[in-house]
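Trainee: Sequence first, predicted model second:
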Amino acid sequence: MWHPLQADFPQQQPLSGFQRGPDTLQAGEAVGIITCGSGCIRPVEDSMNGWLESGFYDPKKHSKLVVMGRRHGQPLLLRLGQRGEAKAKNWPNLRSWLLQSDAESFDLLATAAGLANWQEQHRFCGRCGSKTQPRNDEYAHQCPRCHLRQYPRVSPCIITLVWREDALLLARSPRFAAGVYSTLAGFIETGESAEQALHREVQEEVNVQIGNFKYLGSQSWPFPNSLMLGYWAEYQGGEIAFDGIEIEDANWYPFDQLPELPSKNSISRYLIDSFLQWKGVL
Ligand SMILES: [Zn+2]
């Protein structure tokens, strides 16, 4: 019986209290500021969550900051760190913040990181090369010459737990923390459906054929701008084989002999835990 269990995963709930998009600010309004640079977030002492700076909007000081939106009515601004500042001051990287975040912090930090990355990489028009300008009614940069609009990039990826009657297929990439095994993932190519990407990626990575897909949910994964679409996929055939580069190990694991798994804050872990719950072993 299909049992989705979707309510367990925080990214499937509406993000209460956060209204996305630019807005006009009044001088003196109380604001929150996140500072982000080189994939790191500046820590803020004495803040509730460790990263949100409190202040009052000063057009002279703050007009160059990106307005992320309003959180419980209060403007939330993004400041881009100076080049080299994050490293020099030893700011923790985004991944370490996200792994310890609650759902709201996860979404706000992922948004800040995505916007910061976009600001840094879309300063010029991709069509005519002119310097772009931010629009004040949506997350977009517009070219003043040819009017092309550029939006923050989101790159859809599939991520899938491959299962068979008695075991889960888990693999590790050299980028993972030591000992951790996870589900398989990859970018959807242009012109391809999510389901076609599932077939192709799993075949390419571990030489296995799959089917019977179940969509479980999605998660923003800002490294640098992925949107993970999470599935279960049933094994249909093939012997595990991998290239040793992108995938350095992959195996079938019986439900009661699983290796070390990814963080509870990740959709990969959600795919695994919800499957074990569905099978009645968790
Ligand atoms: Zn242009």
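Mentor: That came through fine. Residues are numbered from 1 along each chain as shown.
Trainee: The stretch 51-200 of the chain: strands as residue ranges?
Mentor: Here the stretch 51-200 of the chain has its strands, by DSSP state E, counting those that start in this stretch, at 53-56, 66-71, 74-80, 133-134, 141-142, 149-150, 155-164, 167-172, 184-187.
Trainee: pull the CA atoms of the first one into PDB?
Mentor: This means strand 53-56. Provided in PDB are the C-alpha atoms of strand 53-56 (Å, rounded to 0.1, in the frame of the first residue of the first chain):
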ATOM      1  CA  GLU A  53      22.100  40.700  12.700                       C
ATOM      2  CA  SER A  54      19.600  43.200  13.900                       C
ATOM      3  CA  GLY A  55      19.600  46.900  12.800                       C
ATOM      4  CA  PHE A  56      17.500  49.800  11.500                       C
END
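Trainee: Pull out the buried positions in it.
Mentor: In terms of neighbour count (16 or more other Cβ atoms under 10 Å), strand 53-56 has its buried residues at E53. For glycine as for every other residue, the C-beta is placed from the backbone atoms N, C-alpha and C.
Trainee: Over to the third one?
Mentor: Taking 16+ other Cβ under 10 Å as the basis for neighbour counts, the residues of strand 74-80 that come out buried are 75-80.
Trainee: so can I have JSON lines of these showing pLDDT?
Mentor: JSON lines is the format used below for the buried residues of strand 74-80 (pLDDT from 0 to 100):
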{"residue": "P75", "pLDDT": "96"}
{"residue": "L76", "pLDDT": "96"}
{"residue": "L77", "pLDDT": "97"}
{"residue": "L78", "pLDDT": "97"}
{"residue": "R79", "pLDDT": "96"}
{"residue": "L80", "pLDDT": "95"}
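Trainee: JSON lines for those residues, including distance to G28?
Mentor: Below are the buried residues of strand 74-80 laid out as JSON lines (distance: Cβ to Cβ, whole Å):
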{"residue": "P75", "distance to G28": "12"}
{"residue": "L76", "distance to G28": "17"}
{"residue": "L77", "distance to G28": "14"}
{"residue": "L78", "distance to G28": "20"}
{"residue": "R79", "distance to G28": "19"}
{"residue": "L80", "distance to G28": "24"}
